[in-house]
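# how would this look folded up:
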Amino acid sequence: HFAFSFPRILNRPPDLSLLFCFVLICLNFVSAMSQPLPSGWERRVSPDGTPYYIDHNTKSTHWRPPTHHASNPAPAPTPAMPRSTSLPTGWEQKTTPDGKPYFIDHTTKTTHWQPPPPAAPTPTKWQEKHTASGKPYFINLTTHKTQWTRPPDLPPAAPTH
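Residues are numbered from 1 along each chain as shown. This is a model prediction of the structure:
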């Protein structure tokens, strides 16, 4: 047995349309309370139980939940760092719910809006050798290839006296 007590207005029983409106208002309230708010907004409840909204961006309050508010337009798409771009060891790229990329440095346990600076390229390791006749040649210690010309990233040979 379900009993519902509804206040009598003008000494007459409530009609179904009024009850329907009451139910819709309640559903709207529950729906509004469960929706995520845009960045900079906060939901609070007044002492009498009425929800209200604070827009910290404009320092204003509102009785209605925000839709696309002028102070908080939909964010412009931010090009995310392509996944093929490698991040330094210990870094990871994530995206906020509104699509803005951010970066996590797991080593320092910090987050950043800007990507880390590109790591300095690892210098190729070269070694200078000489033939039996004394002619210099160069060995790439990474690829094990040899060449006659001095690699640009190899410092000049020290002068011999």
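# close enough to count as contact, residue 55 and residue 61?
Yes: assessed by CB atoms under 8 Å, residue 55 is found in contact with residue 61 at 7.4 Å. Where you see a C-beta, it was placed from the backbone N, CA and C, and this is true even at glycine.
# from what I can see residue 46 touches residue 54, true?
No: between residue 46 and residue 54 there is no contact under CB under 8 Å: 11.6 Å.
# out of the two, which sits in the busier spot?
Each of residue 46 and residue 54 has its neighbours counted (other CB atoms under 10 Å); residue 54 has more, 16 against 9.
# Please name the bridge partners of the more buried one.
residue 42, residue 61 (DSSP bridges).
# mind listing the strands for the chain?
41-45, 51-55, 60-62, 91-95, 101-105, 110-112, 126-130, 136-140, 146-147 (DSSP state E).
# right, and these - which one's nearest residue 153?
strand 126-130 (7.3 Å; CB to CB).
# Tell me which other helices or strands that closest one touches.
strand 136-140 (3 or more CB pairs under 8 Å, 6 or more residues apart in numbering; DSSP states H and E).
# what about residue 55 and residue 61, which has more around it?
Remark: of residue 55 and residue 61, residue 55 carries more neighbours, 19 against 11, as counted by other CB under 10 Å.
# Lovely, talk soon.
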